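**Q** Please find the sequence and the predicted model below.
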Amino acid sequence: MLLQMSNPSIPHTVLRQKPTQGTRVVGSTGTIGAIIAAMSCTACFPALASLASAFGLGFLSQFEGVSIRYILPLFALVGLAANIISGLRHRNWVRMSLGIIGPLLVLAAALLMAIYSMPTEWLLYPGLLLMIMVAIWDLMSPANAR
């Protein structure tokens, strides 16, 4: 309201519009970052390691420890936060639930791998797949378009 009072040329509807593009970009960034971070662990996730080497990202294996302990959980948290904010804003509970489950699986996989050195590909692969599917769903059918 302060903007409208100081600048009467701005219509009232412009001030009430909620930014939606930001959470879409941040959610996709979290997904892509989590995938690239997981690609760096060649011993942990062999399917992603072979994909990384096919893309010429085999050099990432030298950053395996930093990637699994810090970067993968960070990007999973970014994706989780973006999906929670977007879900609460748009009140699309199915999309929000699926968008939260994926990063939680990735976060659980990264933490179990880093703390207990457990093989966690059974958590990571479904989590990344779910993150990719929700990101594609968000790009193909934005929540504000309905």
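**A** Ah, there it is.
**Q** give me the element Ala81 is part of.
**A** helix 72-90 (DSSP states H and E).
**Q** Show me what that helix is packed up against.
**A** helix 21-39, helix 93-116, helix 121-140 (3 or more C-beta pairs under 8 Å, 6 or more residues apart in numbering; DSSP states H and E). Every C-beta, even on glycine, is put in place using the N, C-alpha and C of the backbone.
**Q** I'd like the average pLDDT over that helix.
**A** Mean pLDDT, helix 72-90: 85.
**Q** Kindly report the same for stretch 114-134.
**A** Mean predicted confidence for stretch 114-134 is 87.
**Q** Check which residues of it are buried.
**A** Buried residues in stretch 114-134, counted by 16 or more other C-beta atoms under 10 Å: Ala114, Thr120, Glu121, Leu123, Leu124, Tyr125, Gly127, Leu128, Leu130, Met131, Ile132, Val134.
**Q** How about stretch 66-77?
**A** Across stretch 66-77, burial judged by 16+ other C-beta under 10 Å covers Ser67, Ile68, Ile71, Leu72, Pro73, Leu74, Phe75, Ala76, Leu77.
**Q** Thank you kindly, that will do.
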